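> fold the following for me, if possible:
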Amino acid sequence: MESNRQRKVAQIIQEDFAELFRKQASESKQSILVSVSDVKVSADLGIAKIYLSIFPQEFRSAVMKEIEENKPQYRNFIGQKMAKQVRIIPQLNFYLDTALDDVERLERELRGEGDNPVL
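Residues are numbered from 1 along each chain as shown. This is a model prediction of the structure:
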């Protein structure tokens, strides 16, 4: 069960990263959409799990690799944004959110277009 403080910190992180990724996408020559689908913060506010949806799918691994390489810069960025609100800047862990892909795959299976045999 999340506390109000955890939800508030998670919301701040989600909004700040959404804005950062939106700016990076507008400056990029490629048309890649990175959206922050969810943020979970640990009870001690020391770890933030950030779930990202990346479109189109073929750029996912490259974008995730770039994000992992730039993790210290992202922590510095969020530290500057949250400096007055928290004592400890959380460690950032980025995860690929595949929930929409799973829903699409299930719908395809239910329509009989997947590998599942139609009974």
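> from the contact counts, what lies against the lowest-mean-pLDDT helix or strand in the chain?
In the chain, no helix or strand scores lower on mean pLDDT, DSSP states H and E than helix 99-110, which sits at a mean of 80. Using 3 or more Cβ pairs under 8 Å, 6 or more residues apart in numbering; DSSP states H and E, no helix or strand is in contact with helix 99-110. Placement of C-beta: from N, CA and C, glycine included.
> so how far is it from its chain's centroid?
Here the centre of helix 99-110 is set off from its chain's centre by 20 Å, with Cα atoms, centre = their mean, to the nearest Å.
> do the same with stretch 57-69
The answer for stretch 57-69 is 12 Å, by Cα atoms, centre = their mean.
> can you check stretch 47-61 too?
6 Å.
> where does the prediction get shaky in this protein?
Across the chain, the ranges flagged by pLDDT under 70 are 116-119.
> quick one: the strands in it, in order.
For the chain, the strands defined by DSSP state E cover 33-41, 47-55, 91-96.
> near the residue nearest to residue 54 when sequence neighbours are not counted, how many other residues are there?
The shortest distance from residue 54 to any non-neighbouring residue, by Cβ to Cβ, 6 or more residues apart in numbering, is to residue 60 (4.7 Å). Other residues within reach of residue 60 by the criterion other Cβ atoms under 10 Å amount to 18.
> buried sites along the longest helix anywhere in the chain?
As assigned by DSSP state H, the longest helix anywhere in the chain is helix 4-27. By 16 or more other Cβ atoms under 10 Å, the buried positions in helix 4-27 come out as 6, 9, 10, 12, 13, 14, 16, 17, 20, 21.
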